[in-house]
Every structure is written in C-alpha cells, then in structure tokens.
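Colleague: I'll drop the sequence and a predicted model, then ask my questions.
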There are 2 protein chains.
Amino acid sequence: MSADEVRFMEGFKIGEMSVDPGTTLLAEGQESPWIYTVLEGQAVQYKSLSTGRRQIINFVLPGDFLGLHAAMMGEMKHSIEARTRMVLCVFERARVQEVFHGQPARAQALAWIAAVESHLLGETLVSVGQRNAGQRIAWAFLRLWRRLEAMGLERDGMVPLPFRQQDLAEALGLSLVHTNKTLARFRQAGLCDWSGGKLRIGNLAALTGIALVDRDDPEQRPLM
Amino acid sequence: MSADEVRFMEGFKIGEMSVDPGTTLLAEGQESPWIYTVLEGQAVQYKSLSTGRRQIINFVLPGDFLGLHAAMMGEMKHSIEARTRMVLCVFERARVQEVFHGQPARAQALAWIAAVESHLLGETLVSVGQRNAGQRIAWAFLRLWRRLEAMGLERDGMVPLPFRQQDLAEALGLSLVHTNKTLARFRQAGLCDWSGGKLRIGNLAALTGIALVDRDDPEQRPLM
DNA sequence: CGTTAGATTGATGCTCATCAATATTAGTGG
DNA sequence: CCACTAATATTGATGAGCATCAATCTAACG
C-alpha cells in the first residue's frame, strides 16, 4: 500500500507542509484544494454527530494517503485532526483528474488505495459489530502494532501511539470509562501496556488469541 | 453512482447470468474470474468469523457493482449471497487492467465506486458504533428506502426488502431477538412495517427524527 | 502554583445478548 | 389436500456488558 502511495505522489508534488498537534487538516464537507500523504506524525480521521459524539474511522499513520473522498467526490466525508506534529506531502486536488488520462499506473494506485480503504473499514465494522470490548481493543492494538512495526517505528519493544484513551474509545464504539478499565485489566494481566504515548505488547500470543475471533491467519497480512 | 456503473460496463460485458436465491456469487478469499453488476434482485455482502458469526457489510441492490476487491486486490474480502433470484451482468476480472490504459472515464468510474463504497462503510460504522438499536434500524430503513425508491421500486407505498430479520441484525451488530422486538415497537408505533419482504414507511418524519442523530441534512443525498 | 487536559476509580442501572419456548409460514412428499 | 419438516418470526425471562454519572488523581504548562 505504501509503495503505491509513493508511486502516486512522485512528480506530482506541490510542496511539503508541517502542522502542529490539534490542527484540522481536512474538514467534513469541505472542498479542500489540497490532498496529502503523511511523511511523519499521526492523526485521527473521524465523523461527527450533531450530539457531539464522534466516530473515529481510522488512525492515520505515516505513509497514509489523505483526501481520497475529496479527490474522487469533491468534498470530504470526514475530518482529519493531527495528534502529533506532522510532516505532509501536498498535492493539488484538481490535478487528480489528469492522473486518469495517461497515467495508468497512478490511476490504478488511487483505485487500489480506495479499495484497501474500503477493505479496512469492513474489518473495523466487523470488530465494532461483533466483538466485545476486550476483543476490539486487542484487535486494534495488533493492527496498529503491525503497521507501526512494519514502518520501522518499533524501538525497545514499543511503538509510538500518541492518541488519547478517548480516541480509542471513539474508534471502537466504547465509552471512555469502559475502555480505561479494560486497558487496566490488560495491563495487570501483562498483555500489553499503553501509556505515555507508547504501546508495548507484553504477550503477543495471548493478545492475538483474544483478538483472533475471525478466520484470518495469524501471519503477517499483506495489506497492513 | 448507478450512472457511473452503467458507464463502466458498456462494451465490456461478457454476458448475463441469472441465479437463484441462496447462491453465493462471490466468496471471501476467492479469486473469482468474474465481476458483476446487478440488474435485478437483492443480496447480502458479509464477512464471516470463525465463531460462526457474520457481519453483513452491505445490502446489495440493483445497480450495484460486485467484485471491487477482486478487481483491485485479486481476491474477495467478503462473500456475497443472493437473497432473491438475481439477474447480473458478467465481466471478466482480468480485463479490468485494460480500463486503466486508455479508458480514463471507466477508470475514474471504478475509483469513484471504490470511494463511495468506503464512504458508505464509514457511515455504517458510525451507526453501529454510536447509535442504539432503534436509531440503527431507523437509519438503515431510511437508507434502503431512499435507494429503492430512487430505483423506481416503490409501489403502493412499499419497497421490496427481501431480507430476514437475522440479516438486519447482523448488519447492525444486534441480536436477532432485540431486532425483532425493536421492529415490533416500530410497527405498533406506526413508524414503519417490514413484513412479507416489503417495507412500508408509516411516518417518515418521525423515523427520520429517530435516525437523524448526525449532521446530514434531511434532503435527498446525492450518493444514495 | 493555579489551571487544564487527560487518566483513573467506584457506583448505578439500562440496553441489549442470551437462553428457551412457542407460533407462524413456507415448502415437500405422500 | 393434508401431515410433516424446516425456516423464520415472536415472546418471555434472566443477567452480563457496558454506558453514564460523579469524583478524584496525575501530569503538563504558563
């Protein structure tokens, strides 16, 4: 996935950009003239409800492409908010059209990105729809761990995970309190420890066992 | 969306195909040589867990494109099972590559389809993650009603909805029993009546009020 | 050193899952 | 055309998981 995104951006880049934590990169309903890929930093992608609730759709990691909906549909269908300082590659949204005329590899990469996004959302839906709190958290941690490790961000058995418990709760359709208590149980059981913005997996096998309610093989998955 | 799909298929079609209810059109993990668009009939799109549970990812209606994941990623990431007799347009998966070389409109249509799919999955995730049983069902009914009505399938104030309560439950992450009881409440309240494979909306305003916990305007949405 | 964002912990009760029957409908073969 | 079977829908009872409310605690920061 990352390889495709890199291929997509080459020679198409407008510039680089650096933003502070808390910055809203793209806003729901907005017709941003820019789209991005993430070089450094992490963010959350969410949808808001009028009640003030939010559903976090995805955690944004280095290598991710931002603005697919803006690129294809003109406007964003969710918002993206930085959780750390971030460095981004900036592209002009309007020029996405060109890609489909005469740049087949890039066009395909874009469609690929979209297909993978829908695949991952499907997986998330399964988790939120069918699993209990512990299973959802275990699943999310493993998914994040794998991606971050694959990006080479693992150090001393830990990966950077600079989100709030509230973010995780909103990603998994849980309350903050229940998320907190489940995290405490995991920590006590030595399964994993997420604190200070770092995630450490204490017992990979056990955590996998909890998360593995589906038919996926425990091996590395190509799309993560 | 439907318009794009039609554009995608023209002059690319291999043949038509008719299947009986219960047929599995595409199976999770399978590398199908075919992809489809739906001319008639309805189906469910789901992912299975090893526990026997299933998460229904989407209800498939006429006009839908089937096999995006197979087209872009080689293998299906979910299964599709017919719930009625269906008539389908059949295409050769292998030829999807050609689309990106020299058929920009079709390539764009494909990317559009993928983007819309990810958008709709995001909406579903919000529903399952943030709303209670009644809200989820109201939301699902309105979504289905709009699409079916837009397809011209409304008749006598009813649209065909040939799914089981179990299907709806699995789509919304609810138990069959609770779904059934919520449907009974809705029926008694005169909000809507789903029985005999037909959905009738009794009180559109009230149902919308229940479902409308988000910021969407109550008007027709372009992507449905 | 006060202020604020985030994390933690306890108490309470509602929503919803689960178990278990029974009712209904549709489909099938004699 | 009617018993027989299987699939689906319906209803009641029970309790677990989780949301919610309300404090308190910790850490970062100007």
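Modeller: Done, it's in. Numbering: from 1, shown residues only, chains lettered A, B, ... in the order given.

Colleague: can you list the domains in chain A?
Modeller: What the record gives for chain A is the domain set A:2-126, A:132-211, from automatic domain parsing.

Colleague: near chain B, anything from the first one?
Modeller: Same thing as domain A:2-126. Yes - with C-beta under 8 Å from any C-beta of the partner chain as the criterion, chain B is reached by domain A:2-126 at A:28, A:47-51, A:53, A:55, A:57, A:68-69, A:71-73, A:77-78, A:97, A:100-102, A:104-105, A:107-108, A:110-112, A:114-119, A:121-126. Any C-beta I mention is one placed from the backbone N, CA and C, and that applies to glycine too.

Colleague: same thing with the shortest one?
Modeller: Yes - part of domain A:132-211 sits near chain B under the criterion C-beta under 8 Å from any C-beta, namely A:170, A:172-173.

Colleague: any figure for the gap between the residue nearest the centre of chain A and DNA strand C?
Modeller: With distances taken as C-alpha atoms, centre = their mean, A:F59 lies nearest the centre of chain A, 2.7 Å away. According to C-beta to the nearest atom of the strand, to the nearest Å, A:F59 stands 14 Å off from DNA strand C.

Colleague: how about the helix or strand that residue falls within: buried residues?
Modeller: Assessed by DSSP states H and E, A:F59 sits inside strand A:54-60. For strand A:54-60, the neighbour count (16 or more other C-beta atoms under 10 Å in any protein chain shown) marks A:54-60 as buried.

Colleague: now stretch A:68-77
Modeller: The neighbour-count check on stretch A:68-77 (16+ other C-beta under 10 Å) flags A:68-73, A:76-77 as buried.

Colleague: bridged to A:A82, which residues?
Modeller: A:A43 (DSSP bridges).

Colleague: again with the one 4 residues further on
Modeller: Beta-bridge partners for A:M86, by DSSP bridges, are A:V19.

Colleague: tell me how many other residues surround it.
Modeller: 24 (other C-beta atoms under 10 Å in any protein chain shown).

Colleague: B:T24 is nearest to which of the domains of chain A?
Modeller: Evaluated with C-beta to C-beta, the domains of chain A place domain A:2-126 nearest to B:T24, the distance being 17.3 Å.

Colleague: and the contacts of stretch A:158-178?
Modeller: Residues outside stretch A:158-178 that contact it (C-beta atoms under 8 Å, 6 or more residues apart in numbering or on different chains) are A:42, A:44, A:46, A:53-59, A:83-84, A:124, A:127-128, A:133, A:136-137, A:140, A:144-145, A:148-149, A:153, A:179-180, A:182-183, A:194, A:197-200, B:128-130.

Colleague: ends of it, how far apart?
Modeller: 24 Å (C-alpha to C-alpha, to the nearest Å).

Colleague: wondering if it reaches DNA strand C at all.
Modeller: Yes - for stretch A:158-178, a contact with DNA strand C is found by C-beta under 7 Å from any atom of the strand, at A:164-166, A:176-177.

Colleague: now do the longest helix seen in chain A: distance to the chain's middle.
Modeller: Counting by DSSP state H, the longest helix found in chain A is helix A:104-130. Distance of helix A:104-130 from the chain centroid (C-alpha atoms, centre = their mean, to the nearest Å) equals 12 Å.

Colleague: which is the next helix or strand following it?
Modeller: Later in the chain than helix A:104-130, the nearest helix or strand by DSSP H and E is helix A:133-150.

Colleague: which residues sit against that next one?
Modeller: A:59, A:61, A:123, A:127-128, A:131, A:154, A:159-161, A:168, A:171-174, A:178-179, A:182-183, A:185-186, A:191-192, A:194, A:199, A:201, A:207-208, A:210-211, A:213, A:220-221, A:224.

Colleague: before we move on, the earlier item: who are the packing partners of the strand holding A:F59?
Modeller: Judged by 3 or more C-beta pairs under 8 Å, 6 or more residues apart in numbering or on different chains; DSSP states H and E, strand A:54-60 is in contact with strand A:43-48, helix A:104-130, helix A:165-172, helix B:104-130.

Colleague: what parts of chain A come near DNA strand D?
Modeller: By C-beta under 7 Å from any atom of the strand, the residues of chain A that approach DNA strand D are A:132-134, A:173-179.

Colleague: among those residues, which ones are buried?
Modeller: By 16+ other C-beta under 10 Å, the residues of chain A next to DNA strand D give A:133-134, A:173-174, A:179 as buried.
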